[in-house]
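Enquirer: Provided below for reference: sequence and predicted model.
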Amino acid sequence: QVQLVESGGGLVQAGGSLRLSCAASGRTLSSYAMGWFRQAPGKERDLVAAIRWSSGNTYHADSVKGRFAISRDSAKNTVYLQMNSLKPEDTAVYHCAATTDWGPGIGTETTYDYWGQGTQVTVSS
């Protein structure tokens, strides 16, 4: 079992920055990939970024490339999402998730075995 707890969400003006954290417990994450998903009201949950823990390889959705960056700290068993140049359309609940499957299904919710409770990010215009 892996427990995931997100933090760092909040209200920010457009153009501002936030850093989300996802602290994991229960297992070390060396065999996992971690993803950040977001879900806006009335919309599907979409993958924003993912990282393979062992190699550090990353994926970022086109909508956030150049603005968001996923990273991890092995010593703290924590994954981060640095969000810069935020836009109102980034407003959503952000969830972190863990999977042992780093492959073509990395963007699919059902690929992930463990989920955090989510943290709200609101970007005002």
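Expert: Done, it's in. Just so it is clear, the model here is predicted, and its values are computed rather than measured.
Enquirer: can we go C-alpha only for contacts and neighbour counts from here?
Expert: Will do.
Enquirer: can you confirm Ser31 is in a helix?
Expert: No. Ser31 is assigned coil when assessed by DSSP: H, G, I helix; E, B strand; the rest coil, not a helix.
Enquirer: Per-residue pLDDT of it, please?
Expert: pLDDT recorded at Ser31 is 92.
Enquirer: what does stretch 52-69 contact?
Expert: For stretch 52-69, contacts defined as Cα atoms under 8 Å, 6 or more residues apart in numbering pick out 29-34, 47-51, 70-72, 81-86, 102.
Enquirer: Mind checking which of these are buried?
Expert: Among those, the ones that count as buried by 16 or more other Cα atoms under 10 Å are 29, 32-34, 47-51, 70-72, 81, 83-84, 86, 102.
Enquirer: If we go by neighbour counts, what in stretch 104-112 is buried?
Expert: By neighbour count on 16+ other Cα under 10 Å, the buried set for stretch 104-112 is Ile106, Gly107, Glu109, Thr111, Tyr112.
Enquirer: what's the farthest-apart pair in those?
Expert: Gly107 and Tyr112 (9.2 Å; Cα to Cα).
Enquirer: Just the contacts of stretch 52-69: which are in strands?
Expert: The strands, defined by DSSP state E, take in 33-34, 47-51, 70-72, 81-83 from the contacts of stretch 52-69.
Enquirer: ok, and the closest non-adjacent residue to the residue most central in space within the chain?
Expert: Closest to where the C-alpha atoms of the chain average out (Cα atoms, centre = their mean) is Trp36, at 1.9 Å. Using Cα to Cα, 6 or more residues apart in numbering and skipping residues adjacent in sequence, the residue nearest Trp36 is Cys96, 4.5 Å away.
Enquirer: OK, contacts around the one you found?
Expert: Cys96 touches Leu4, Glu6, Cys22, Met34, Gly35, Trp36, Phe37, Trp115, Gly116, Gly118, counting by Cα under 8 Å, 6+ apart.
Enquirer: Next one: it, what pLDDT does it get?
Expert: pLDDT, read off for Cys96, is 98.
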